[in-house]
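Engineer: dropping a prediction and its sequence here:
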Amino acid sequence: PVPIHDDDCGMATSTEPFLVRQWKSVPASSPWGSIEGLSRLAGNAVAGCCVDGTDAFMQVQNALEGIREGRCVSIKGWEYVAQGCADAVRFNAVDNCLLANNKSPLARKVSEVMRWVFVGTVGTGSACHIDPLATVACTWLTHGRKEWRMASGVPADVDHLPSLFECSEKLRAYRHLYKFTMEPGDLIFIPRGCLHEVRNLSTTIEVTHNFVLKPAAMWDEVRRALSLVMAYGGLTPLENHPKVDSLLFGMLMACMYDDIEMPEDIAAK
């Protein structure tokens, strides 16, 4: 079973995931507790979505309307803070952890913008993945029930991550395997490099904040991203590569914040 903590104070040092049951209850009046409430926050926000098996970049409002119509919908990452939502969820432990990054402006900026809302109807979920840019994450489930599989320990082959919902010999290589279900109000902490995969047991809403604890590890991810671009000669062959999220986000951050001093080997590329 996944470790259960009484609070979220262990984020700065934990190398294993942990769950906080009923970290914060969701009042009936909270906009985070229902599809209708999210509609009041969404405004003109857009996000990558999947509706009835078709991927599209669309307005969050339209995707939420699809859920109300009974369609199969997954909102894969609404960047709600970056797109102007004023009702940002605050994770106090995250604010404390970020004090350790006060010497890295880029780490702080990355941590500020990597805040997402994920919404999915029953049966939707994610593929097995590692969060980008060597970040850790905390996720608060505000609605529905979500089944999780996690594996700690560095994968031997990041190009071919195994499904965590299937029994496989590849899973023997990992330090620990975890299986659990999140309920509304629960919070899960995901350490750096931890594989995870989810399936929605009902329509779910989760609020996630990724942040950088180890700036040096973040730069290592940017280096790997740049090496992939150079090896493949461009982005097109990498569209289905498991590291494409880290690749694109790393390149974006490097371009947006070129006034920030980067390691010499990064700047040279």
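Structural biologist: Received, thanks. Since we're looking at a predicted model, the values are computed, not measured. Numbers count the residues shown, from 1 in each chain.
Engineer: any weak-confidence spans in the stretch 101-250 of the chain?
Structural biologist: Counting by pLDDT under 70, the stretch 101-250 of the chain shows low-confidence ranges at 101-102, 154-160, 225, 228-250.
Engineer: strands of the stretch 151-269 of the chain, start to end?
Structural biologist: 176-182, 187-190, 195-200, 204-211 (DSSP state E, counting those that start in this stretch).
Engineer: what's the angle from the third one to strand 176-182?
Structural biologist: For strand 195-200 against strand 176-182, the angle between stretch directions is 30 degrees (axes from the mean of the first three to the mean of the last three Cα atoms, to 10 degrees).
Engineer: ok, for residue 59, nearest residue in space, not its chain neighbours?
Structural biologist: residue 46 (5.5 Å; Cβ to Cβ, 6 or more residues apart in numbering). Placement of C-beta: from N, CA and C, glycine included.
Engineer: the one you found: neighbour count?
Structural biologist: Residue 46 is flanked by 16 other residues according to other Cβ atoms under 10 Å.
Engineer: just residue 12 next, same as before
Structural biologist: Other residues close to residue 12 by other Cβ under 10 Å number 14.
Engineer: cool, residue 79 as well?
Structural biologist: Residue 79 is flanked by 17 other residues according to other Cβ under 10 Å.
Engineer: need the CA coordinates for the helix or strand containing residue 64. PDB is fine.
Structural biologist: Using DSSP states H and E, the element containing residue 64 is helix 60-68. In PDB, the C-alpha atoms belonging to helix 60-68 read as follows (Å, rounded to 0.1, in the frame of the first residue of the first chain):
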ATOM      1  CA  VAL A  60     -12.500  24.200 -21.500                       C
ATOM      2  CA  GLN A  61     -16.200  25.400 -21.500                       C
ATOM      3  CA  ASN A  62     -16.900  23.200 -24.500                       C
ATOM      4  CA  ALA A  63     -15.300  20.200 -23.000                       C
ATOM      5  CA  LEU A  64     -17.200  20.600 -19.800                       C
ATOM      6  CA  GLU A  65     -20.400  20.900 -21.800                       C
ATOM      7  CA  GLY A  66     -19.500  17.600 -23.400                       C
ATOM      8  CA  ILE A  67     -19.400  16.000 -20.000                       C
ATOM      9  CA  ARG A  68     -22.800  17.300 -19.200                       C
END
